[in-house]
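Enquirer: my questions are about this predicted structure, shown below with the sequence.
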Amino acid sequence: MWFYENYDEKASLGLKVKRKLHEEQSKFQKIEVYETEFFGNLLTLDGLVMLSTKDEFVYHEMITHLPLCTHPKPERVLVVGGGDGGAIREILRHDTVKEAVLCEIDERVTRVCEEYFPSTAGKLGDPRVKCHFDDGFAFMQRHENYFDVIITDSSDPVGPGVALFKEDYYRLVKKALRPGGIMVSQSESPWFYEETMGSMTAAMGQVFKNVQTYIAMIPLYPSGFWTISFASDDHRLEKFDAARSAKIAANSKYYNPDIHRGALALPNFVRAIVKNK
Ligand code: SPD
């Protein structure tokens, strides 16, 4: 048995599967879990790969440690999406963090991950964590001047997720940040989502002074070449706390200070897509 994710009917990812462990239609999407031959358990939403036990560390370390090591003292951190708990797990490794807030639209994603991905979701019960099962856009409208870092760990820009890739959302994010705040958002693959990457980074640039896209190699995301985009009025990723970064790196599988610097080096074809400044 094989699982296939089709990339726009033009290419696909194939994974050999031992069995399907779970399938349900939640209020928002189809949630499926497979046991694969090589990548451990695999979570898909509406047929699109979200994470596997084997490779999730790359994405979750990269979407958290670059912004957190760049912020001088991240105390309150929000994750929009990310119901699997992987980003929260990594955020909690930072001693400065007093509050790690999760806003996930679909509570079923979290419950399924608690069952099938305990090493990813296992820190959601930490006393510093607050979980809200709510629409990210609506949640943001109710918050002002509160968070130091906001991480948008969304699914792909299809269906309800589309709003999280637009300028109106980034304006709400900016309002919800304290002065000196930082936002990052997963920004897809330059091979398969060129237009999304261009429009979302341009929209971030309408709202924030600095926009920087960086790279993470994630085997199960389309092309394996994935990007995350950072925005802030006050900070730039090159100026990070190397001592904190090294401390985090001591227990990381992907992230370290060299990766922090190196992830910022973009090939020319990617520079031509993103509107970094
Ligand atoms: N095409 C996959 C994009 C998914 C990004 N978010 C994944 C959620 C992992 N926390």
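Expert: The structure has been received and is ready for your questions.

Enquirer: what helix or strand does Arg89 sit in?
Expert: helix 86-91 (DSSP states H and E).

Enquirer: now the strands for the chain?
Expert: 2-7, 11-25, 30-36, 41-45, 48-52, 76-81, 99-104, 129-133, 147-153, 177-186, 210-217, 225-232 (DSSP state E).

Enquirer: just the C-alphas of stretch 108-128, formatted as PDB.
Expert: The C-alpha coordinates for stretch 108-128 follow below in PDB (Å, rounded to 0.1, in the frame of the first residue of the first chain):
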ATOM      1  CA  ARG A 108      -9.500  17.100  16.600                       C
ATOM      2  CA  VAL A 109      -6.000  17.600  15.100                       C
ATOM      3  CA  THR A 110      -4.600  18.100  18.600                       C
ATOM      4  CA  ARG A 111      -6.500  15.100  20.000                       C
ATOM      5  CA  VAL A 112      -5.400  12.800  17.200                       C
ATOM      6  CA  CYS A 113      -1.700  14.000  17.600                       C
ATOM      7  CA  GLU A 114      -1.800  13.300  21.300                       C
ATOM      8  CA  GLU A 115      -2.700   9.800  20.500                       C
ATOM      9  CA  TYR A 116      -0.500   9.000  17.500                       C
ATOM     10  CA  PHE A 117       2.300  11.600  17.900                       C
ATOM     11  CA  PRO A 118       3.100  11.700  21.600                       C
ATOM     12  CA  SER A 119       6.700  12.900  21.100                       C
ATOM     13  CA  THR A 120       5.300  15.900  19.100                       C
ATOM     14  CA  ALA A 121       2.200  16.700  21.200                       C
ATOM     15  CA  GLY A 122       3.600  15.600  24.600                       C
ATOM     16  CA  LYS A 123       4.300  19.100  26.000                       C
ATOM     17  CA  LEU A 124       0.900  20.600  25.500                       C
ATOM     18  CA  GLY A 125       0.100  19.900  29.100                       C
ATOM     19  CA  ASP A 126       3.000  22.000  30.400                       C
ATOM     20  CA  PRO A 127       1.800  24.700  32.900                       C
ATOM     21  CA  ARG A 128       3.300  27.500  30.600                       C
END
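
Enquirer: got the contact list for the spatially closest residue to Gly47 that is not a sequence neighbour?
Expert: Setting aside the residues directly before and after it, Gly47 is nearest to Glu5 in space (CB to CB, 6 or more residues apart in numbering), at 6.5 Å. All C-beta spots, glycine's among them, are computed from the backbone N, C-alpha and C. Contacts for Glu5 (CB atoms under 8 Å, 6 or more residues apart in numbering) come out as 12-13, 44, 47-49, 222.
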